[in-house]
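*Asks:* Fold the following for me, if possible:
(chains A and B)
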Amino acid sequence: AQKITQTQPGMFVQEKEAVTLDCTYDTSDQSYGLFWYKQPSSGEMIFLIYQGSYDEQNATEGRYSLNFQKARKSANLVISASQLGDSAMYFCAMSDSGAGSYQLTFGKGTKLSVIP
Amino acid sequence: GAVVSQHPSWVICKSGTSVKIECRSLDFQATTMFWYRQFPKQSLMLMATSNEGSKATYEQGVEKDKFLINHASLTLSTLTVTSAHPEDSSFYICSASSGLAGGGGSDTQYFGPGTRLTVL
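*Replies:* Numbering: from 1, shown residues only, chains lettered A, B, ... in the order given. Next up is the predicted model:
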């Protein structure tokens, strides 16, 4: 069974600073996908970034980058130059391609608060 | 691209009534849609996986007769909460797999804005 662990229930960061949100995973699959989603107080889940297990380069999307360390089974999200609008819940997730329908397993989330 | 809409965004109903929630992929075809439930300050809990033209696959502990799912087309899935009770009050959110349309991997799920259900 797959498992996602997010050990930081809450994080604070000063505006314009960078912050790293931790995510470790456990799987016996060789092929899998890793995702980060942002959930603001409105409730919508916003897709941020994707990393495939066979991708050799770390994924980047604007101010978001994913620090993928396969041997350590970690997929940390780095947000550079934090903005007040980054305050939200952040969920790490993994796809279960073995199920055939790419179900996602979510971590418990990290609440990020950006301080002006 | 990869936009998913959900309707209604919130609903209040009396105990015993049924509520239908629609999930639509607006700019892509989704062979698979997912329905989640989220309680306050918790993570998402997968309820069922919906494939176009076939019966939904429900997760363990989810009553398929209570939560009816219909995936009628490649752009529409509906969740009907039948005979709703106060304990069904929750945030329901759907997602759809877009293939490569949204820029993520082929297994990326794109989420709707969610529906907040309150049963009195």
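*Asks:* How far off centre is the lengthiest strand in chain A?
*Replies:* Ranked by number of residues, the top strand in chain A under DSSP state E is strand A:88-96. Offset of strand A:88-96 from its chain centre (Cα atoms, centre = their mean, to the nearest Å): 5 Å.
*Asks:* Can I get that strand in PDB, CA atoms only?
*Replies:* Once non-C-alpha atoms are left out, strand A:88-96 reads as follows in PDB (Å, rounded to 0.1, in the frame of the first residue of the first chain):
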ATOM      1  CA  ALA A  88      -3.200  27.900   2.200                       C
ATOM      2  CA  MET A  89      -3.200  24.100   2.900                       C
ATOM      3  CA  TYR A  90      -0.700  22.200   0.800                       C
ATOM      4  CA  PHE A  91      -1.200  18.500   0.000                       C
ATOM      5  CA  CYS A  92       1.400  16.100  -1.300                       C
ATOM      6  CA  ALA A  93      -0.100  13.100  -3.300                       C
ATOM      7  CA  MET A  94       1.000  10.000  -5.100                       C
ATOM      8  CA  SER A  95      -0.600   8.300  -8.000                       C
ATOM      9  CA  ASP A  96      -1.300   4.600  -7.800                       C
END
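*Asks:* Contact residues of chain B facing chain A?
*Replies:* Within chain B, the positions adjacent to chain A are B:2, B:32, B:34, B:38, B:42-44, B:46, B:49, B:51, B:57, B:91, B:93, B:95, B:97, B:102-114, B:116 by Cβ under 8 Å from any Cβ of the partner chain. (Each C-beta comes from the backbone N, C-alpha and C, glycine too.)
*Asks:* Please check those residues and keep the buried ones.
*Replies:* Using 16 or more other Cβ atoms under 10 Å in any protein chain shown as the burial test, the residues of chain B next to chain A include B:2, B:32, B:34, B:38, B:43-44, B:46, B:49, B:51, B:57, B:91, B:93, B:95, B:97, B:102, B:104-105, B:107-114, B:116 as buried.
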